[in-house]
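Colleague: what shape does this take:
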Amino acid sequence: MSKLLWKALLAAPAAGAAFAVSSVAVAAESAPSMNVNFSAEPVQLAQITSVSELTDVSPSDWAFQALQSLVENYGCIQGYPNRTFQGNRSLTRFEFAAGLNACLDVMAVLISQSGIPPEELAAIRRLQEEFQAELATLRGRVDALEAETATLRAQQFSTTTKLRGQADGTIIAPFNSVNAPGVEDSFSFEGRARLNFDSSFTGNDRLRIRLQSGAGNNALAGFQGLANSGGDGNYDVTVDDFFYSFPLGNRVDVTLAARGLSGDDWVTSTIVPFDGPGVADASGPQFYDFGGSSAAGPGAGVNIAFTDSVVLDLGYSSGPASNNPAIGVFNSGSQSIIAQLNFVPEGPFNAALTYMRNNLSSQFVGGNVGYTNTYAGLVSFDFGRFFVGGHAAWQDFNGGDDFSWTAGAGLNDLFLEGSQLGVYGGQLPQVIGTSNPWIIEGYYEIPFNQFLTVTPALIAGDANIAGIDSRGLWGVIRTTFRF
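Modeller: Okay, here's the model as predicted:
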């Protein structure tokens with residue numbers, strides 16, 4: 001097909017752009033006037049050969065290139081006698097007709113000069129007819145999609161809020177009888193359900209309200225229980241989380257909490273790779289919860305990214321007693337502060353240093369009540385399919401010392417994509433008894449699909465309670481549904 005024909009075909013959208021310049025520019029800069037002048041007085045337009053002849057058009061104008069192309073390539077733009085284009089004023093129907101006629105005249109000349117052979121015109125018509133059915137089908141699909149989208153918008157849960165849910169059910173089967181207080185030595189079940197209402201008003205912020213309910217036998221209470229379990233609740237629905245987070249610039253995020261955030265809720269990462277996939281609560285380093293308030297009240301946190309790899313986390317949580325107006329947020333009997341410096345580059349190595357200070361009102365640690373200082377380090381090496389990681393924490397409470405640690409390794413994507421096989425163990429913080437509990441867990445997280453995950457695990461441990469054989473071995477299966 002000749003170049004002249006292509007120029008003619010390209011002139012059609014260019015012509016539309018010529019007249020959009022005037023009308024769109026007006027809409028962008030000022031409200032259109034409703035006072036229409038129906039005067040039929042003729043407007044004498046002058047043909048121009050270069051856009052530079054228009055005194056009120058400059059290269060900085062947003063439509064300069066469109067005007068330049070229409071003038072210099074097609075010669076179908078006319079200006080006013082005073083050599084102005086007046087692109088910011090409304091376009092009358094008369095002016096539109098005159099400009100469109102000028103461009104159509106140019107197109108007619110280009111087509112007549114192209115000398116299109118009859119067989120090419122026939123080929124164009126044949127292609128139009130050949131794809132007519134496909135175009136009609138595509139048009140129907142687009143119409144159906146638009147109708148479905150309109151229905152979804154009309155029936156959506158909320159324009160600003162997304163509902164996310166998770167349900168965890170855990171079956172625990174002991175392989176021996178454990179004679180320790182708080183440790184269930186029979187077949188038991190623990191369950192927990194969560195509904196997260198996440199709202200965003202700017203696209204970068206988040207308001208979360210979480211409803212939670214759970215119950216169970218608290219089978220591994222001597223080891224601080226199971227992760228994602230029901231604990232000792234009675235399936236009573238409570239507001240478990242209530243907070244609002246938002247950015248301050250590009251490097252700072254702020255979170256204001258009314259309830260539910262403490263310890264590792266404030267940090268960018270807990271670093272150790274078995275936190276989450278692991279079944280026992282020890283998989284998430286327990287020093288984050290050691291000595292803190294059992295039900296976090298109001299608090300605030302800030303995350304400062306000095307670089308893409310170095311992030312400082314700061315957080316403050318007050319205990320539930322702060323709900324009493326006479327006590328206030330900063331005079332609560334139990335308070336917790338945390339500062340964690342994270343090094344999280346894109347490579348295999350991640351690490352963090354953590355300091356926590358907890359003031360206690362009702363938490364007994366070795367028979368004492370008072371304060372806890374925690375100093376911890378966390379590290380992990382993730383080589384893709386293989387990972388190792390762990391942590392160490394030193395704590396002092398009322399003049400006494402305590403040391404806890406975990407270490408583990410595992411394989412990602414073993415047999416199934418997204419799966420994780422892991423083994424970890426260590427010495428837990430001293431909560432009851434005269435010695436630190438120890439625990440070892442092996443787990444295999446199996447994601448059947450994006451909604452269902454099953455994690456079988458084998459857990460061995462000793463609560464180290466004086467005068468009692470508190471060693472045990474448990475088989476556990478946790479099933480997680482997400483929706």
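
Colleague: residue 129: how many residues sit nearby?
Modeller: 9 (other CB atoms under 10 Å). Every C-beta, even on glycine, is put in place using the N, C-alpha and C of the backbone.

Colleague: quick check, it in a helix?
Modeller: Yes - looking at residue 129 with DSSP: H, G, I helix; E, B strand; the rest coil, it is inside a helix.

Colleague: any idea how far it is from residue 122?
Modeller: 11 Å (CB to CB, to the nearest Å).

Colleague: and residue 200, what does it touch?
Modeller: Applying CB atoms under 8 Å, 6 or more residues apart in numbering to residue 200 gives the contacts 160, 206-207.

Colleague: pipe those into a markdown table and attach pLDDT and neighbour count per row.
Modeller: As requested, the contacts of residue 200 are arranged in a markdown table below (pLDDT from 0 to 100; neighbours: other CB atoms under 10 Å):
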| residue | pLDDT | neighbour count |
| --- | --- | --- |
| 160 | 81 | 10 |
| 206 | 95 | 17 |
| 207 | 96 | 17 |
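
Colleague: which of those residues fall within strands?
Modeller: 206-207 (DSSP state E).

Colleague: let me see the ranges of the helices in the stretch 101-250 of the chain.
Modeller: For the stretch 101-250 of the chain, helices defined by DSSP state H, counting those that start in this stretch occupy the ranges 118-130, 132-155.

Colleague: rank these by pLDDT, which is bottom?
Modeller: Looking over the helices of the stretch 101-250 of the chain, mean pLDDT reaches its minimum on helix 118-130, with a mean of 73.

Colleague: any idea how far residue 80 lies from residue 56?
Modeller: Remark: distance between residue 80 and residue 56 (CB to CB) = 9 Å.

Colleague: what sits in contact with each of those two?
Modeller: residue 86.

Colleague: these two touch, right, residue 335 and residue 319?
Modeller: Yes - applying CB atoms under 8 Å, one finds residue 335 in contact with residue 319, separated by 6.5 Å.

Colleague: more neighbours: which of these two?
Modeller: The neighbour count for residue 335 versus residue 319, taken as other CB under 10 Å, is higher for residue 319 (28 against 25).

Colleague: now do the more buried one, the pLDDT please.
Modeller: On pLDDT, residue 319 comes in at 75.

Colleague: separation between it and residue 214?
Modeller: In terms of CB to CB, residue 319 sits 21 Å off from residue 214.

Colleague: could you do residue 254 as well?
Modeller: Residue 254 is 30 Å from residue 214, where distance means CB to CB.

Colleague: higher neighbour count, the two?
Modeller: residue 214 (23 against 15).

Colleague: spit out the contact partners of the more buried one.
Modeller: Applying CB under 8 Å, 6+ apart, the residues contacting residue 214 are 190-193, 229-231, 233, 235.

Colleague: the closest residue to residue 424 other than its chain neighbours: what secondary structure?
Modeller: Excluding its sequence neighbours, the residue lying closest to residue 424 (CB to CB, 6 or more residues apart in numbering) is residue 408, at 2.5 Å. The local conformation at residue 408, judged by three-state DSSP, is strand.

Colleague: surely residue 408 and residue 271 touch.
Modeller: No - using CB under 8 Å, residue 408 is not in contact with residue 271; the gap is 11.9 Å.

Colleague: anything in contact with each of these two?
Modeller: Common neighbours of residue 408 and residue 271, counting by CB under 8 Å, 6+ apart, are residue 389.

Colleague: now the helices of the stretch 101-250 of the chain as TSV including distance to residue 48?
Modeller: Below are the helices of the stretch 101-250 of the chain laid out as TSV (distance: least, CB to CB, whole Å):
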stretch	distance to residue 48
helix 118-130	33
helix 132-155	39
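
Colleague: for residue 456, find the nearest of these.
Modeller: Shortest distance between residue 456 and the helices of the stretch 101-250 of the chain, using CB to CB, is found for helix 132-155: 38.6 Å.

Colleague: just how off-centre is that closest one within its chain?
Modeller: Centroid separation between helix 132-155 and its chain, computed with CA atoms, centre = their mean, to the nearest Å, is 30 Å.

Colleague: which residue packs closest to residue 243, ignoring adjacent ones?
Modeller: Nearest one to residue 243, counting by CB to CB, 6+ apart, is residue 257 at 3.9 Å.

Colleague: show me how the chain divides into domains.
Modeller: Domain assignment for the chain by automatic domain parsing gives 3-116, 163-482.

Colleague: show me the one of those that comes nearest residue 135.
Modeller: Of the domains of the chain, nearest to residue 135 by CB to CB is domain 3-116, at 17.8 Å.

Colleague: could you pull up the mean pLDDT of the closest one?
Modeller: The model assigns domain 3-116 a mean pLDDT of 64.

Colleague: could you do stretch 165-175 as well?
Modeller: 93.

Colleague: so which bits of it are buried?
Modeller: 166-172, 174 (16 or more other CB atoms under 10 Å).

Colleague: where do the helices sit along the stretch 351-483 of the chain?
Modeller: Using DSSP H, counting those that start in this stretch, helices in the stretch 351-483 of the chain do not occur.

Colleague: which residues of it fall in strands?
Modeller: Secondary structure of the stretch 351-483 of the chain by DSSP state E, counting those that start in this stretch: the strands cover 371-382, 386-397, 400-412, 420-427, 438-447, 452-462, 471-482.
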